[in-house]
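Chemist: sequence first, then the predicted structure, then my questions.
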Amino acid sequence: MISVFKFLIILRMFSDHNQTFSMSVHTDVKRVTTHILQAMKAKGEKIAMLTAYDYSMARILDAAGVDVLLVGDSASNVMAGHETTLPITLDQMIYHASSVVRAVNRALVVVDLPFGTYQGNSKLALESTIRIMKEAGAHAVKLEGGGEIAESIRRILKAGVPVMGHLGLTPQSIYKFGTYTVRAREEAEAEKLMEDAKILQELGCFAIVLEKIPAHLTKKVSEALVIPTIGIGGGVDADGQVLVTHDMLGITKDFQPRFLRRYLELFEVIQKATEAYIVDVKRRDFPSDKEQY
Ligand code: KIV
């Protein structure tokens, strides 16, 4: 016979365990899949996508109910301070992606294949993708480009990995473009973009990011496709929107493109909090009696 005391201890251990378990595994949450995104387009429901590069931020964004988290190669700019997205490596993307995947209960996690890991070599593209899927536990990959990377996309899809396309301003080609201004203003480039969008759909991509193109072109492309388009600087008629989280929250202070809406000015908020902390430390105000052992 166990004593009442022992019984209470066991009960306590059981409830602590259950609490920890329910905090880390939300079995009641329905995960977003590529099929759900396509159904959202069919129903006219907009898709909300944001970037994430680390566990803590991804946890907040997922808890808020974002549909897709993109582990973008913009980590090269935002997390590492590089001028372009070109320097980030596959190992670094896997590190960021695995942190995000560990945080997420609901959102679909899409990971950018970084520059130099897929262009012009479909075998390499598949090897890079397999590393991302196996080592990070990602749900899908994103590649920049149209018909010219068809072979790589085909090979990745054949391996059973969902692919998101990316057309318009493709930052990995910045040295070809020479500037980050709006793409496809000219008829010829707009026609090529429409052609590429259809190729990506035909190949089997589940969605396409359209970056910095005229709003009327986004509308035309979105109406021509059954797969969803996700706009960034592409106007309201894309089937969803994506922003770089650090831009949206005002952590990156100097980046002010017209398409960006800042929902917070976190640079100032964090700076002020840090200044207050420094003052408290210097004045011996922190820690107080209650904040020590
Ligand atoms: O890397 C990134 O953050 C992106 C988005 C801007 C779409 O590709």
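Modeler: Cool, got the structure.

Chemist: near the ligand, which residues of the stretch 151-293 of the chain show up?
Modeler: Val209, Glu211, Ile232, Val242, Val244 (C-beta under 6 Å from any ligand atom). (Glycine included, C-beta is placed from N, CA and C.)

Chemist: what's the distance between the closest residue to Ser76 other than its chain neighbours and the ligand?
Modeler: By the measure of C-beta to C-beta, 6 or more residues apart in numbering, the closest residue to Ser76 outside its immediate chain neighbours is Ile88, 3.8 Å from it. Distance, Ile88 to the ligand, by C-beta to the nearest ligand atom, to the nearest Å: 9 Å.

Chemist: how far away is the closest residue to Thr117 other than its chain neighbours from Thr89?
Modeler: Using C-beta to C-beta, 6+ apart and skipping the chain neighbours, the partner closest in space to Thr117 is Ser128 (3.9 Å). Distance, Ser128 to Thr89, by C-beta to C-beta, to the nearest Å: 11 Å.

Chemist: assign a three-state SS to the residue nearest to Thr117, would you?
Modeler: With DSSP: H, G, I helix; E, B strand; the rest coil as the basis, Ser128 sits in helix.

Chemist: and Ser128 and Thr89? which has more neighbours close in?
Modeler: Between Ser128 and Thr89, counted using other C-beta atoms under 10 Å, the more crowded position is Ser128 (23 against 14).

Chemist: give me the pLDDT for that one.
Modeler: We have a pLDDT of 98 for Ser128.

Chemist: and the one 10 residues further on, by the same measure?
Modeler: At Ala138, the pLDDT value in this model is 98.

Chemist: ok, it - contacts?
Modeler: Val71, Ala97, Val101, Val109, Val110, Val111, Ile132 (C-beta atoms under 8 Å, 6 or more residues apart in numbering).

Chemist: do the same with Gly235
Modeler: Contacts of Gly235 by C-beta under 8 Å, 6+ apart are Pro214, Ala215, His216, Thr218, Lys219.

Chemist: just the C-alphas of the helix or strand containing the third one, formatted as CSV.
Modeler: To tie it back to what came earlier, the one meant is His216. Assigned by DSSP states H and E, His216 belongs to helix 215-224. What follows is helix 215-224, C-alpha atoms only, in CSV (Å, rounded to 0.1, in the frame of the first residue of the first chain):
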residue,chain,number,x,y,z
ALA,A,215,0.9,45.5,-58.9
HIS,A,216,-1.0,45.0,-62.2
LEU,A,217,1.5,42.2,-63.2
THR,A,218,1.0,40.5,-59.8
LYS,A,219,-2.7,40.5,-60.4
LYS,A,220,-2.3,39.1,-63.9
VAL,A,221,0.0,36.3,-62.8
SER,A,222,-2.1,35.4,-59.8
GLU,A,223,-5.2,35.1,-61.9
ALA,A,224,-3.4,33.0,-64.5
